[in-house]
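A.B. asks: attaching a predicted model along with its sequence, questions to come.
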Amino acid sequence: MSKRMMKAAVLAGPQNIEIKQLPVPEMQPGEMEIDISAIGVCGSDIHMWKTGKGWNPAIKENFVMGHEFCGVVANPGNSNFKVGDRVVYWANMYCGKCDMCRAGKEQLCREVAGQNYIGFVRNGGYAEKFVWKASNAYKLPDTVSDTAAGLIDPLMVAYHAVRVSGMKLHDKVLVVGSGIIGQLTGGLVKKAGCSYLALAKRNDRKLGLAKKIGDFDAYFDSSIPDAGEKMSEAVGGGFDIVFECVGTEESIAASIDAVKPGGTIVTVGNSIDPTIKISLNKIVLHEIKFIGSVSCTRTEFEETIDLIASGMLDADKYVTDVMPLDELQHAFERLTSSTDPVVKIVVKP
Ligand SMILES: [Zn+2]
Ligand SMILES: [Zn+2]
């Protein structure tokens with residue numbers, strides 16, 4: 001019997017996506033087969049695209065990225081799904097057995113130890129089909145479009161960050177970073193009732209979308225000297241909460257200078273350099289709460305779907321471009337261009 005084949009966008013080398021035909025993965029017990037409908041292109045995909053490598057050295061060839069996807073069930077296996085069900089897939093891998101999983105903190109699962117994503121350590125969704133555990137799939141309500149479902153993954157990151165921040169009504173909030181996570185965080189914080197919301201950015205490339213949506217009260221240039229102190233002065237002594245969505249030494253330093261004494265910094269941005277310098281004295285002497293935030297819990301993933309389904313957040317308006325999977329290479333070139341105003345691309349096979 002000849003093998004069933006599918007179209008897939010393979011990371012063939014640094015800054016090189018090749019469209020290829022790959023065998024459809026064999027379904028194992030507990031797994032399902034999904035026909036991919038739409039998939040968001042993520043900032044962390046860009047890092048892998050630049051280096052030409054995924055996170056798993058055991059995958060030597062035909063590595064397929066992609067973790068922000070939805071689709072239609074083609075084969076439900078022995079799960080409760082039916083053929084034709086629309087589903088969104090949670091790319092967060094977890095064991096379900098360790099102390100973190102049992103405490104409902106699946107994003108901190110000890111078994112997968114942070115190496116926790118489909119599309120990073122195993123093949124993901126930039127393809128016509130995806131096969132893996134049915135337990136990571138969730139039924140998609142009719143009120144969530146395929147395009148909006150491509151936003152659930154970054155939205156869950158923003159949602160978890162806002163929840164761990166402990167933000168209260170009337171807080172003054174600064175978001176550092178104008179990428180999709182920063183913009184979605186701003187959107188949620190606005191809904192959560194902040195009294196003043198500012199965005200710190202290095203350039204104006206992605207501001208068209210932010211200004212069109214109109215949630216931010218002010219925009220600051222974080223590339224100028226003493227940017228953090230200037231932002232603090234502009235709100236009369238610092239922000240209650242700062243969401244750091246970049247992950248560089250400069251952006252962390254600006255966040256520490258911009259937060260008020262006793263305030264909270266939630267670090268969402270993942271540093272490419274794992275050991276960056278921070279001013280510990282400022283954190284200690286100003287009693288700054290420094291909170292890391294990664295992915296979200298399984299429950300929060302379901303709640304994120306509901307944020308869109310219930311109409312609380314209009315996710316479609318954050319998608320600036322929809323492109324065919326065949327043009328994934330071009331999508332990465334646009335996302336890394338210094339002039340293209342694109343913020344979020346969703347591709348469709
Ligand atoms: Zn992502
Ligand atoms: Zn676990």
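C.D. replies: The structure has been received and is ready for your questions. Ligands and ions are numbered 1, 2, ... in the order given.

A.B. asks: mind checking which helix or strand Tyr138 is in?
C.D. replies: Here Tyr138 sits within strand 137-139, counting by DSSP states H and E.

A.B. asks: so which bits of the stretch 101-250 of the chain are right by ligand 2?
C.D. replies: Neighbours of ligand 2 within the stretch 101-250 of the chain, by Cβ under 5 Å from the ion: Cys101, Cys109, Glu111. Yep, even glycine has a C-beta here, placed from its N, CA and C like the rest.

A.B. asks: whichever of these end up buried, select them in ChimeraX.
C.D. replies: Here is the ChimeraX command that selects the buried residues among those (16 or more other Cβ atoms under 10 Å):
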select :101,109
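
A.B. asks: make TSV out of the residues of the stretch 101-250 of the chain next to ligand 2 and add secondary structure and pLDDT.
C.D. replies: Below are these laid out as TSV (DSSP: H, G, I helix; E, B strand; the rest coil; pLDDT from 0 to 100):
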residue	secondary structure	pLDDT
Cys101	helix	95
Cys109	coil	92
Glu111	coil	87
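
A.B. asks: after the strand holding Tyr138, which helix or strand is next?
C.D. replies: Using DSSP H and E, the helix or strand that follows strand 137-139 in sequence is helix 146-149.

A.B. asks: what mean pLDDT does that following helix get?
C.D. replies: Average pLDDT, helix 146-149: 97.

A.B. asks: export it as PDB, just CAs?
C.D. replies: Taking C-alpha atoms only, helix 146-149 is exported to PDB below (Å, rounded to 0.1, in the frame of the first residue of the first chain):
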ATOM      1  CA  ASP A 146     -10.600  29.900  11.800                       C
ATOM      2  CA  THR A 147      -8.600  33.100  11.600                       C
ATOM      3  CA  ALA A 148      -9.400  34.100  15.200                       C
ATOM      4  CA  ALA A 149      -8.500  30.600  16.300                       C
END
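
A.B. asks: so which helix or strand takes in the closest residue in space to Asp226 that isn't next to it in sequence?
C.D. replies: Once flanking residues are discounted, Asp226 sits nearest to Asp257: 7.5 Å by Cβ to Cβ, 6 or more residues apart in numbering. Assigned by DSSP H and E, Asp257 falls within helix 249-258.

A.B. asks: chain center to that helix: distance?
C.D. replies: 21 Å (Cα atoms, centre = their mean, to the nearest Å).

A.B. asks: for it, C-alpha coordinates in CSV please.
C.D. replies: Output in CSV follows, covering the C-alpha atoms of helix 249-258 (Å, rounded to 0.1, in the frame of the first residue of the first chain):
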residue,chain,number,x,y,z
GLU,A,249,18.6,43.6,28.8
GLU,A,250,17.5,47.1,27.7
SER,A,251,13.8,46.3,27.9
ILE,A,252,14.1,44.7,31.4
ALA,A,253,16.2,47.7,32.6
ALA,A,254,13.5,50.1,31.2
SER,A,255,10.8,48.1,32.9
ILE,A,256,12.6,48.2,36.3
ASP,A,257,13.0,52.0,35.9
ALA,A,258,9.4,52.5,34.8
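
A.B. asks: in the stretch 51-200 of the chain, what residue comes closest to ligand 1?
C.D. replies: For the stretch 51-200 of the chain and ligand 1, the shortest gap (Cβ to the ion) falls at Asp153, measuring 4.6 Å.
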